[in-house]
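In: quick one, fold the following:
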Amino acid sequence: MSNMIDKLKNLNLNDDDVVTLSYSEGVDVFVHNESEVETALEETSVVDAYSELITTPGLKVKTTHGYDAMDSLRDTDLLEEYPRDHSGFSEFVADVIRENFYDVDVIEYSVEKYDYKRGFCTLTASAKLTAGDIFKLQPPINGWDVSVKTSHGTLSLS
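Out: Now for the predicted structure:
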């Protein structure tokens, strides 16, 4: 069992409480050739972590916009090429997100420019789940920043 799931269990959350996850990572990039996002997609693990989370069997992951993450990929027919052999689905989804990054709009990016040539690109994946799904399905959330609203305010765990 994950340490983060243990921490959430100790909060005595209700099954329908919403838990917000955030995974962020960045990399030094060149900005003069406008390849900063592509570099970050190649050199960070954000897309892989997000894909692993949303492909957890039975888990209903909502985006920050409120729609189901997997349904949005299915609705745009981006998963039709999957060979249905039940192997490597998470990796397939990660590749689909990388190849259609601007179209799927599930991972945010920001670029800090140091000068005309160099900068830093940060990718951030966010997701909303219910505490009940986390406790029951135990998705891979180690490494994610976790926040949950309580009666005393929003509690952040990392």
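In: for the rest of this, base every contact and every neighbour count on C-alpha atoms.
Out: OK.
In: what's the spacing between the closest residue to Thr63 other than its chain neighbours and Thr20?
Out: Distance criterion CA to CA, 6 or more residues apart in numbering; nearest residue to Thr63, sequence neighbours excluded, is Ala127 at 5.0 Å. Ala127 sits 6 Å away from Thr20, going by CA to CA, to the nearest Å.
In: show me the shaky parts of the chain.
Out: 1-2, 86 (pLDDT under 70).
In: rewinding a little: OK, contacts around the residue nearest to Thr63?
Out: Taking CA atoms under 8 Å, 6 or more residues apart in numbering, we find Ala127 in contact with 20-22, 61-64.
In: one more time with 6 Å, if that's ok
Out: 20-21, 62-63 (CA atoms under 6 Å, 6 or more residues apart in numbering).
In: put the alpha carbons of the longest helix seen in the chain into CSV.
Out: In the chain, taking DSSP state H as the definition, the longest helix is helix 89-99. Output of helix 89-99 as CSV, limited to C-alpha atoms (Å, rounded to 0.1, in the frame of the first residue of the first chain):
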residue,chain,number,x,y,z
PHE,A,89,-2.2,0.2,-22.6
SER,A,90,-0.7,2.8,-20.3
GLU,A,91,2.3,3.3,-22.6
PHE,A,92,0.0,3.5,-25.6
VAL,A,93,-2.1,6.2,-23.9
ALA,A,94,1.1,8.1,-23.0
ASP,A,95,2.2,8.0,-26.6
VAL,A,96,-1.2,9.2,-27.8
ILE,A,97,-1.1,12.2,-25.3
ARG,A,98,2.5,13.1,-26.5
GLU,A,99,1.5,12.9,-30.2
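In: give me the contacts around that helix.
Out: Contacts for helix 89-99 (CA under 6 Å, 6+ apart): 47-48, 51-52, 55.
In: rerun that using 7 Å as the cut-off
Out: 41, 47-48, 51-52, 55, 78, 104 (CA atoms under 7 Å, 6 or more residues apart in numbering).
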